[in-house]
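[1] Pasting the sequence and the predicted coordinates here, then a few questions.
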Amino acid sequence: MNNFSECDVLVVGGGPAGSTIASLLAQQQRHVVVLEKELFPRFHIGESLLPLNLPLFERLGVADEVRRIGVYKPGAELISDAHEAAGIFRFSDNPYLSVGYSYQVRRAEFDKLLLDNSRRLGAEVREEVRVTNVVLNKGQRPRITAVDEKGSKTDWLPRFLVDATGRDTLLSGQLGLKRIDKQNNTAAVFGHAAAMSKTPVNNAEGIANPFTTLWNGAREVMRSMSYYEMKNRAGVIGRNGLGPMLGKLAAADPGIRIHLMGHSFGARLVAYSLSGLPPAATGAKSPVKTLYLIQGAFSHFAFANPVPDALVSGPGALSGVIHNVNGPLLSTFSAADRAVGWWYPAASALAHQDAEGADDLTYQWGGMGHDGYQQPPPGGIEIPLAAKGTAYGFQPGLFYLLDSNAVIAADQSAFSGAHSDIKHEQVVWPVVDASS
């Protein structure tokens, strides 16, 4: 018992549901702890509030702040393609509503506002803390294991546990209750397409043409729809094309030293080539001396066995080919990369992928370029991406997470952010150092 941290209520998830129940309980003088895996503010989809939210904001003491950040919304229009009809619903026309309007909000601002408010009311909030295990035994308190961003583990023994993890479905996933509706061919897509246009297109008077801007933005949305197929092709080409070719090169020249480096889906391609090497190409017999993934657009759990998350069982798709690299395994990561942090997970959602498939976990957690290799304890080695000439001292068989936030940072596109901001000598140097 003494090894566990205790509280009245442990809330897992700091989104609107988690922060709201934490605030209400804190108002009742309960000892509440909120564990949130992300650092707020963070991007999220779901910007539309409803009139019945407003009385709750009053109760929480945030009504004025929500009004400040929100866009006034008197109703909604629903359009049916099947019926070729549209209907407008005005909230003020509903006699059962005490409030006749609502707001649209940016979720990054809104969620942070609510989470900060729970702190103000007395809840203990811990961000960048991921729950890795939950033990539920009848007649006993729940036991929860959580790990922070530095790898420090804390065991909790609360009186009550609240699962506010949203689509992460912490408890239903662990208890095997989660089901996929294969007939539901829908997904949420962030639809501010006009704002995604890379460059404004002006008319003769120098005023942006809204129709051209919308079309340019729509093309950016369609790019996200093509992600899933691009990802699949990269894996197939790597496994069936590049891998066997590397095996033939090694057979023709047994002393050859191969250093694999790939960006985005190219990172997936070179990673999957390891599964196409000859069976004997392991350890010292492998011609591959370095694997370097630059802002990789595939699962950060691909090499993990087991996957270090309570929601997922089974190994990652490439966990069996780690020994096919006779050298270090490197990956860059940057929070400024929206392609792997936002759009790649959205594209996976459109393909009905979730945490039940350990070979593609970007539906819930983003890609390799978002936070690097995610391995079971003790995990990978996180170090900053350093200047040219730095002696990294890479060791064979170890995973290195190269923090590139200070280098891969330029916002080159509203769609991809800094995904392609890789033309830097600091980005090239790790593979040069590993090969020397």
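    Everything's here; your move. Not measured: the values here are computed from a predicted model.

[2] which residues in the stretch 101-250 of the chain form helices?
    If you assign secondary structure with DSSP state H, counting those that start in this stretch, the helices in the stretch 101-250 of the chain sit at 107-120, 170-174, 210-225, 227-237, 243-252.

[3] Tally up the residues packed near the closest residue to Leu242 other than its chain neighbours, please.
    Among residues not flanking Leu242 along the chain, Ser273 sits closest, at 3.9 Å (CB to CB, 6 or more residues apart in numbering). (Glycine included, C-beta is placed from N, CA and C.) As a burial measure, the neighbour count of Ser273 was computed by other CB atoms under 10 Å and equals 28.

[4] Quick check: pLDDT value at Ser273.
    The per-residue pLDDT reported for Ser273 equals 96.

[5] and Ser331, that's in a helix?
    No: assessed with DSSP: H, G, I helix; E, B strand; the rest coil, Ser331 is strand; it does not lie in a helix.

[6] how does this structure divide into domains?
    If you go by automatic domain parsing, the domain ranges for the chain are 9-47+106-174, 226-435.

[7] looking at those, which is buried most?
    With neighbours taken as mean count of other CB atoms under 10 Å, the domains of the chain reach their highest mean count in domain 226-435, at a mean of 20.

[8] who touches the residue lying closest to Phe399 once chain neighbours are set aside in this structure?
    With CB to CB, 6+ apart as the measure, Gly380 is the residue that lies nearest to Phe399, at 3.5 Å, once sequence neighbours are left out. Listed by CB atoms under 8 Å, 6 or more residues apart in numbering, the contact partners of Gly380 are Gly372, Tyr373, Gln374, Leu398, Phe399, Tyr400, Leu401.

[9] residue ranges for the strands of the stretch 301-436 of the chain, please.
    329-333, 381-384, 399-403 (DSSP state E, counting those that start in this stretch).

[10] For the stretch 1-150 of the chain, give me the ranges with low pLDDT.
    For the stretch 1-150 of the chain, the stretches with pLDDT under 70 are 1-2, 80-84.

[11] which residues of it fall in strands?
    With DSSP E, counting those that start in this stretch applied, the stretch 1-150 of the chain shows strands at 9-12, 32-36, 71-73, 75-80, 85-90, 102-104, 124-127, 129-135, 143-148, listed in chain order.

[12] Can you lay out those strands as TSV showing distance to Arg268?
    What follows is those, written out as TSV (distance: least, CB to CB, whole Å):
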stretch	distance to Arg268
strand 9-12	31
strand 32-36	29
strand 71-73	39
strand 75-80	37
strand 85-90	42
strand 102-104	36
strand 124-127	30
strand 129-135	24
strand 143-148	26
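
[13] Out of these, which gets nearest to Phe301?
    Shortest distance between Phe301 and the strands of the stretch 1-150 of the chain, using CB to CB, is found for strand 129-135: 12.5 Å.

[14] so the closest one versus strand 143-148, what angle?
    Regarding strand 129-135 and strand 143-148, their directions subtend 160 degrees when assessed with axes from the mean of the first three to the mean of the last three CA atoms, to 10 degrees.

[15] Tell me the strands beside strand 129-135, with direction?
    Based on DSSP bridges, the pairing partners of strand 129-135 within the sheet are strand 143-148 (antiparallel).

[16] now the strand it pairs with: how far from the chain's centre is it?
    The chain centroid and the centroid of strand 143-148 are separated by 19 Å, computed with CA atoms, centre = their mean, to the nearest Å.

[17] Among the contacts of Gly380, which pair sits farthest apart?
    With distance counted by CB to CB, no two of these lie farther apart than Gln374 and Leu398, which are 14.6 Å apart.

[18] would you list every one of the helices in the stretch 251-400 of the chain?
    Counting by DSSP H, counting those that start in this stretch, the helices of the stretch 251-400 of the chain are 265-272, 338, 344-350, 362-365, 368-371.

[19] Least reliable of the ones you listed by average pLDDT, please.
    Lowest mean pLDDT within the helices of the stretch 251-400 of the chain: helix 362-365, at a mean of 48.

[20] wait, which of the contacts of Gly380 is closest to Gly389?
    Of these, the one sitting nearest to Gly389 (CB to CB) turns out to be Tyr400, at 17.5 Å.

[21] Please read off the pLDDT at Gly151 from the model.
    Per-residue pLDDT puts Gly151 at 91.

[22] for it, what are its contacts?
    With contacts defined as CB under 8 Å, 6+ apart, the neighbours of Gly151 are Pro377, Pro378, Gly379.

[23] Tell me the one of those residues nearest Phe333?
    Here the nearest of the contacts of Gly151 to Phe333, counting by CB to CB, is Gly379; it sits at 13.4 Å.

[24] so the closest one touches Phe303, yeah?
    No: in terms of CB atoms under 8 Å, Gly379 does not count as a neighbour of Phe303; the distance is 11.5 Å.

[25] what touches both of these two?
    A shared contact of Gly379 and Phe303, defined by CB under 8 Å, 6+ apart, is any residue touching both; here these are Phe399.

[26] For Met261, which residues are in contact?
    Listed by CB under 8 Å, 6+ apart, the contact set of Met261 reads Val270, Thr290, Tyr292, Ile294, Val431.

[27] Sorry, slip of the keys, the one I care about is Gly241.
    By CB under 8 Å, 6+ apart, the contact list for Gly241 reads Ser273, Gly276.

[28] switch to 7 Å and redo it
    By CB atoms under 7 Å, 6 or more residues apart in numbering, the contact set of Gly241 is empty.
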